[in-house]
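Student: Using only what follows, build the 3D model:
(one chain, ligands or ions: 2)
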Amino acid sequence: MSENPIILMERVTRVYKSGSVETPALREVSIRLAAGEMAAIIGPSGSGKSTLMNLMGCLDVPTSGLYEFDGREVGKLSSEEMAELRNRSIGFVFQSFHLLPHATARENVEMPLLFGGMAAKPRRERAMEMLERVGLAPRAHHLPTQLSGGEMQRVAVARALANRPRVILADEPTGNLDSRSGRGIIELFRELWKEGVTVVLITHDLGLARVCPRIMKIQDGRIVHDGADVPVEDETVEEAIRSDPVAVTSVVDSEARLSGWTKVLRSVRGGRGVRGTRGLEPVRG
Ligand SMILES: Nc1ncnc2c1ncn2[C@@H]1O[C@H](COP(=O)(O)OP(=O)(O)O)[C@@H](O)[C@H]1O
Ligand SMILES: [Mg+2]
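Tutor: Ligands and ions are numbered 1, 2, ... in the order given. Alright, predicted model coming up:
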């Protein structure tokens, strides 16, 4: 692993302004990520994860503070230079796949190569190579509607890899997948990481975050945890639910009756959702 940071943020702030309303989505965030690292970013919904990813991915610029991608100050680049940097160095994977519905898997993977100006033949070959990399070569001529969710996300990963980027940024990539397909995607990210790609994974799922060697937590626009494990407080809530779901539910039961237990449970669990807790009912009494 190289010591040079590929992602360097110093006291980065991002304030959204609409009319007279200002929403500070990131507050003085400082992050240093070396090339070749793999990190998870966890945090409740609305905490600033996507805002952070947009900045890391040079899709947006800070309101204040410094952001350098691979030694280049992003705030000083023109929008063309930012687009060029993104296309060449960064692969994006999103929760809802963002595939073109009328293009085949292979054509979808070719898209960033087309923007990069690659000729048709090498473009097709590269796309096939990437589909093979994610185990989907046999589905190359399928349309997205003919693929499962897990397969669509694999196509999106192949597309993210097409330009051989140094960094993969994934924003809740497993959010629309069943847990088995989700694991498969994360396993794929781990393989890429072992091959030297820098990976940043945004997730609600502590189980998935745990496969990353570094875990950062963001809350109210601030980094509140950065370490090799999930934060103790999240560990505690998760452990409590696992070992005694009835006790935890009874604590929130009075509120649950007012607003629905799933919503309450979701907030207790830091926005992680309630998948895998079927059968867990509030205690009546
Ligand atoms: N384009 C925008 N305009 C105004 N406010 C926004 C915009 N995008 C996000 N926000 C606000 O910024 C905060 C952080 O949002 P976001 O980064 O999407 O959080 P997360 O991805 O963790 O759910 C939220 O309060 C959200 O409502
Ligand atoms: Mg988000």
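Student: In contact with the nearest residue to residue 135 once chain neighbours are set aside, which residues?
Tutor: Spatial nearest neighbour of residue 135, chain neighbours left out: residue 154 (6.7 Å); criterion: Cβ to Cβ, 6 or more residues apart in numbering. C-beta here means a position set from N, CA and C on the backbone, and glycine is covered the same way. Applying Cβ atoms under 8 Å, 6 or more residues apart in numbering, we find residue 154 in contact with 134, 135, 136, 184, 185, 188.
Student: Highest neighbour count among these?
Tutor: Ranked by the number of neighbours (other Cβ atoms under 10 Å), the contacts of residue 154 place residue 134 first, at 25 neighbours.
Student: Just the local confidence number for the spatially closest residue to that residue that is not a sequence neighbour, please.
Tutor: Spatial nearest neighbour of residue 134, excluding adjacent residues (Cβ to Cβ, 6+ apart): residue 154 at 4.2 Å. We have a pLDDT of 97 for residue 154.
Student: before we move on, back to that, the contacts of residue 154 in helices, which ones?
Tutor: If you go by DSSP state H, the contacts of residue 154 have 184, 185, 188 in helices.
Student: sorry, back to before: need the CA coordinates for the host helix or strand of the residue nearest to residue 134. CSV is fine.
Tutor: Residue 154 is located in helix 149-161, with elements delineated by DSSP states H and E. Provided in CSV are the C-alpha atoms of helix 149-161 (Å, rounded to 0.1, in the frame of the first residue of the first chain):
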residue,chain,number,x,y,z
GLY,A,149,-30.8,-7.5,-9.2
GLY,A,150,-27.5,-9.1,-8.3
GLU,A,151,-26.6,-9.5,-12.0
MET,A,152,-27.6,-5.9,-12.8
GLN,A,153,-25.3,-4.7,-10.0
ARG,A,154,-22.5,-6.9,-11.4
VAL,A,155,-22.9,-5.2,-14.7
ALA,A,156,-22.7,-1.8,-12.9
VAL,A,157,-19.5,-3.0,-11.3
ALA,A,158,-18.1,-4.1,-14.6
ARG,A,159,-19.0,-0.7,-16.0
ALA,A,160,-17.3,1.0,-13.0
LEU,A,161,-14.2,-1.0,-13.8
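Student: List the buried residues for that helix?
Tutor: The neighbour-count check on helix 149-161 (16 or more other Cβ atoms under 10 Å) flags 149-161 as buried.
Student: Could you do stretch 115-130 as well?
Tutor: Buried-residue list, stretch 115-130, by 16+ other Cβ under 10 Å: 118, 123, 124, 126, 127, 128, 130.
Student: can you pull the contacts of residue 69?
Tutor: 6, 7, 8, 56, 58, 85, 89.
Student: From residue 96, how far out is it?
Tutor: Distance, residue 69 to residue 96, by Cβ to Cβ, to the nearest Å: 25 Å.
Student: what's around residue 100, how many residues?
Tutor: Around residue 100 there are 12 residues (other Cβ under 10 Å).
Student: the strands in the protein, which residues?
Tutor: 5-18, 21-34, 38-42, 64-69, 72-73, 90-94, 167-171, 198-202, 214-219, 222-227 (DSSP state E).
Student: Can you check the pLDDT for residue 116?
Tutor: 89.
Student: Looking at the buried residues of helix 149-161, which is nearest residue 79?
Tutor: residue 160 (21.1 Å; Cβ to Cβ).
Student: That closest one reaches residue 94, doesn't it?
Tutor: No - Residue 160 is beyond contact range of residue 94, at 9.5 Å (criterion: Cβ atoms under 8 Å).
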